[in-house]
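**Q** have a look at this prediction, sequence included:
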Amino acid sequence: MNRPLRIALTKGRLEKDTVGLLEKIGYDCTAIREKGRKLILPVPDGNLEVVLAKANDVITYVEHGVCDMGVVGKDTIMEMQGKFFELVDIGFGRCKFALATKKGSKFYGGFDVKTVATKYPNITRRFFEAKGMDVDIIKIEGSVELAPLLELADGIVDIVETGTTLKENGLEVIEDVCPISARLIVNMVSMKMRQQEIENFVKLVEENIDK
Ligand SMILES: Nc1ncnc2c1ncn2[C@@H]1O[C@H](COP(=O)(O)OP(=O)(O)OP(=O)(O)O)[C@@H](O)[C@H]1O
Ligand SMILES: O=P(O)(O)OC[C@H]1O[C@H](OP(=O)(O)OP(=O)(O)O)[C@H](O)[C@@H]1O
């Protein structure tokens, strides 16, 4: 018999909602909830096993086919641009990418080349290329909002959810880039070789998404 279908889930913010969705479908997620340090987690009677991974690694595992499916944010998909099928918008993990600056600063004014800090250099480059605007991009690993406060950058392209981080630091959105939510992705070979099983799983996901 085939090994169980393997799904990689993004650790952290998306984890609780993803496990909630699997439980709503009817999968026993005890092993995931009580995981300790175990990394490959069985789902009893589900012919499914779960891997918990960092967002970028979810894409890597699915692209290489060592996981058949993955749950990952659209932000990571857009930044990594791997080869896989993106089948379902699962609806949770909702936030957006936005361009933000210090309140009142004139990002689009003047002729000097602006500097933009971000954890997502590819998305940022494409966003400004589409405008035909030349910018210098600086990669930052976290708390990107610091960059304009420290005068490292004129603006940031980052995830905004509630807007609290921007507000508490005197920054504001000057332009939305795009909406983000969690997606179900599928390896291209798995989609062919295990089509029926994957289609059954996708159907269960679609039926159990919170509308
Ligand atoms: N406020 C938010 N900030 C960041 N990501 C969010 C937010 N709300 C929803 N998300 C989604 O949750 C996903 C996982 O975010 P999370 O912060 O847990 O991991 P991460 O971005 O890889 O950060 P870290 O490097 O700290 O693990 C993001 O890729 C995004 O799709
Ligand atoms: O609009 P809000 O609800 O305030 O959420 C947005 C903040 O959350 C994320 O940061 P995270 O907490 O992941 O930390 P990081 O910046 O160190 O990645 C994101 O990069 C923003 O900083």
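**A** Alright, I've got the coordinates. Ligands and ions are numbered 1, 2, ... in the order given.

**Q** going forward, measure contacts and count neighbours with C-alpha atoms only.
**A** Fine.

**Q** which SSE is Gly70 in?
**A** Element membership for Gly70, per DSSP states H and E: strand 69-73.

**Q** each with direction, which strands does that strand pair with?
**A** Here strand 69-73 is paired, per DSSP bridges, with strand 5-10 (parallel), strand 182-186 (antiparallel).

**Q** would you turn those strands into JSON lines with distance to Ala153?
**A** Output for the strands paired with strand 69-73, formatted as JSON lines (distance: least, CA to CA, whole Å):
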{"stretch": "strand 5-10", "distance to Ala153": "30"}
{"stretch": "strand 182-186", "distance to Ala153": "29"}
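
**Q** export those to JSON lines and tack on mean neighbour count?
**A** Converted to JSON lines, the strands paired with strand 69-73 look like this (neighbours: other CA atoms under 10 Å):
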{"stretch": "strand 5-10", "mean neighbour count": "23"}
{"stretch": "strand 182-186", "mean neighbour count": "24"}
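
**Q** any residues of the chain in contact with ligand 1? List them.
**A** Within reach of ligand 1 by CA under 6 Å from any ligand atom, the chain has these residues: 12-14, 54-55, 73-76, 93-95, 159-161, 181-182.

**Q** from the residues you listed, list the buried ones, please.
**A** Buried members of those, scored by 16 or more other CA atoms under 10 Å, are Leu14, Ala55, Gly73, Lys74, Asp75, Thr76, Gly93, Cys95, Ile159, Val160, Ser181, Ala182.

**Q** wait, doesn't the second one sit right on Met78?
**A** Spelled out, it's Ala55. No. Assessed by CA atoms under 8 Å, Ala55 is found out of contact with Met78, at 11.9 Å.

**Q** in what helix or strand does Met133 lie?
**A** Short version, using DSSP H and E: Met133 is in no helix or strand.

**Q** contacting residues for the residue nearest to Tyr120 when sequence neighbours are not counted?
**A** Nearest residue to Tyr120, sequence neighbours excluded (CA to CA, 6 or more residues apart in numbering): Glu79, at 6.2 Å. Going by CA atoms under 8 Å, 6 or more residues apart in numbering, Glu79 touches Tyr120, Pro121, Asn122, Ile123.

**Q** look at the last one and give its secondary structure.
**A** Reducing the assignment to helix, strand or coil with DSSP: H, G, I helix; E, B strand; the rest coil, the entry for Ile123 is helix.

**Q** distance-wise, check the nearest residue to it once chain neighbours are set aside relative to Val51.
**A** Distance criterion CA to CA, 6+ apart; nearest residue to Ile123, sequence neighbours excluded, is Glu79 at 5.7 Å. Glu79 is 21 Å from Val51, where distance means CA to CA, to the nearest Å.

**Q** any idea how far the strand or helix carrying the residue nearest to Ile123 is from the chain center?
**A** Using DSSP H and E, Glu79 falls within helix 74-80. Here helix 74-80 is found 6 Å from its chain centre; the criterion is CA atoms, centre = their mean, to the nearest Å.
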